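In: Sharing a model prediction with you, sequence too.
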Amino acid sequence: MSRAYLNLGVSPGITPLAMLRIAISRLHPDTLAVRSWRTARKRYYRELLQAHAEARARAHVACE
């Protein structure tokens, strides 16, 4: 599981879009403003989405 995802402290029950909104809101404004970091931000978002999907899958399996 991604350390960045764990640091967000979000519940697996929230939607992926809500998780991304939380992640974006916690980034420093300067990080969002630097255009050359766009690729890195996209990679960060993809990793978070993947970790969130894994957490949701684990939660679903635990419920069964």
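Out: Now that the structure is in, tell me what you want to look at. Worth saying up front: this structure is predicted, and the values here are computed from it rather than measured.
In: which residues sit in contact with the spatially most central residue of the chain?
Out: Centroid check for the chain by C-alpha atoms, centre = their mean gives Leu48 as the closest residue, at 3.1 Å. By C-beta atoms under 8 Å, 6 or more residues apart in numbering, the contact list for Leu48 reads 2, 4-5, 8, 19-20, 23. Bear in mind the C-beta positions are built from the backbone N, C-alpha and C, glycine included.
In: out of the residues you listed, which are inside helices?
Out: 4-5, 8, 19-20, 23 (DSSP state H).
In: picking up where we left off before, could you pull up the mean pLDDT of the one helix or strand the residue nearest to the centre of the chain maps to?
Out: In this assignment (DSSP states H and E), Leu48 forms part of helix 38-63. Taken as a whole, helix 38-63 has a mean pLDDT of 92.
In: same deal with stretch 14-22?
Out: 95.
In: Export the ones in helices among the contacts of Leu48 as TSV, with columns for neighbour count and distance to Lys42.
Out: Listed next are the ones in helices among the contacts of Leu48 as TSV, based on neighbours: other C-beta atoms under 10 Å; distance: C-beta to C-beta, whole Å:
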residue	neighbour count	distance to Lys42
Ala4	13	14
Tyr5	19	16
Leu8	15	17
Met19	23	15
Leu20	14	11
Ala23	20	12
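In: Farthest pair within the residues you listed?
Out: Ala4 and Leu20 (12.3 Å; C-beta to C-beta).
In: how about Pro16, what does it touch?
Out: 49, 52-53.
In: And Arg38, how far from Leu32?
Out: Per C-beta to C-beta, to the nearest Å, Arg38 is found 10 Å from Leu32.
In: cool, Arg21 as well?
Out: 13 Å.
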